[in-house]
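**Student:** compute the structure for the input listed below.
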Amino acid sequence: MLLFRRGIPVVLACATVACGGADGPAESPRIIGSDSLAAETLVDVRSADSTILVEARYATTNNFTGAVLPGYQAPRVLIHRDLSGALSRANAALRSEGLGLKVFDGYRPVRATLGMVDWAERVGRVDLLDDGYIARRSRHNLGVAIDVTIVDVETGKELDMGTPYDTFDASAHTMNAAGEVLERRLRLKAALESQGFANYAQEWWHYSYPVEGAVPFDRVITEHVGAER
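**Tutor:** A predicted model of the protein is given here:
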């Protein structure tokens with residue numbers, strides 16, 4: 001159960017936080033960071049690097065649930081400020097090859113995660129929770145995970161990575177590809193891992209960054225949430 005009062009950190013007695021790999025026991029208590037701390041901690045990807053493309057899928061109906069997720073009131077992607085420099089450097093390395101990054105999601109409010117879990121249970125896809133495609137705890141809630149792909153800088157078009165974003169089967173596993181598709185997945189992996197990111201092996205698009213002491217947030221994403229870098 002989520003016990004939350006605006007601006008005040010509280011305990012999440014049974015943390016059900018979703019998508020992108022579990023990061024702790026599902027039943028352990030968690031502290032939700034205050035709205036004011038979220039505003040100080042989170043930065044807009046485009047303020048960190050204006051050359052990174054953004055398509056905030058969960059702020060639209062173009063995502064696996066078919067609806068805008070709770071907590072996404074603006075088409076922005078926010079990230080923890082501690083990983084902004086590393087993300088920009090990875091993007092710069094790719095741009096030297098005529099490529100670049102496009103980000104689908106970063107910080108995800110806890111209420112959005114709860115919405116994902118509710119969707120899976122409501123439509124009878126609990127298997128996605130059991131198999132780790134929609135997890136009950138996520139580093140996205142801390143702002144230290146990103147969902148990302150590669151684009152051609154000249155056209156802005158996404159490269160073929162073998163599956164669409166949010167494909168929930170083994171074809172999306174990073175190493176489960178061949179030929180040019182595998183080469184592209186590995187190029188993305190190399191660019192991000194060289195800057196300290198780690199890939200979630202079941203999703204070629206999902207990467208996280210180590211930030212000591214990071215806490216989850218539930219502040220709604222609006223046009224004004226998130227500090228400048």
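
**Student:** use CA for all of it now, contacts and neighbours both
**Tutor:** Will do.

**Student:** name the next helix or strand downstream of the lengthiest helix in the chain, please.
**Tutor:** Scanning the chain for the helix with the most residues, using DSSP state H, yields helix 179-193. Per DSSP states H and E, the first helix or strand lying C-terminal to helix 179-193 is strand 198-199.

**Student:** which residue sits farthest out from the middle of the chain?
**Tutor:** Distance from the C-alpha centroid of the chain peaks at residue 179, with 26.7 Å (C-alpha atoms, centre = their mean).

**Student:** let's see the pLDDT reported for it.
**Tutor:** According to the prediction, residue 179 has pLDDT 98.

**Student:** just the C-alpha atoms of stretch 185-198, please, in CSV.
**Tutor:** Provided in CSV are the C-alpha atoms of stretch 185-198 (Å, rounded to 0.1, in the frame of the first residue of the first chain):
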residue,chain,number,x,y,z
ARG,A,185,22.7,-3.5,-29.9
LEU,A,186,26.3,-4.0,-29.0
ARG,A,187,27.2,-0.6,-30.3
LEU,A,188,24.6,1.0,-28.0
LYS,A,189,25.8,-1.2,-25.2
ALA,A,190,29.4,-0.3,-25.7
ALA,A,191,28.7,3.5,-25.8
LEU,A,192,26.7,3.4,-22.6
GLU,A,193,28.8,0.9,-20.7
SER,A,194,31.9,2.9,-21.4
GLN,A,195,30.3,5.7,-19.3
GLY,A,196,29.3,3.5,-16.4
PHE,A,197,25.8,2.3,-17.4
ALA,A,198,24.7,-1.3,-17.1
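
**Student:** centre of the chain to it, how far?
**Tutor:** Centre-to-centre, stretch 185-198 and its host chain are 15 Å apart (C-alpha atoms, centre = their mean, to the nearest Å).

**Student:** so what touches that stretch?
**Tutor:** With C-alpha atoms under 8 Å, 6 or more residues apart in numbering as the test, stretch 185-198 has contacts from 86-87, 89-91, 93-94, 149-150, 161, 174-175, 199, 204, 207-210.

**Student:** good, we can wrap up now.
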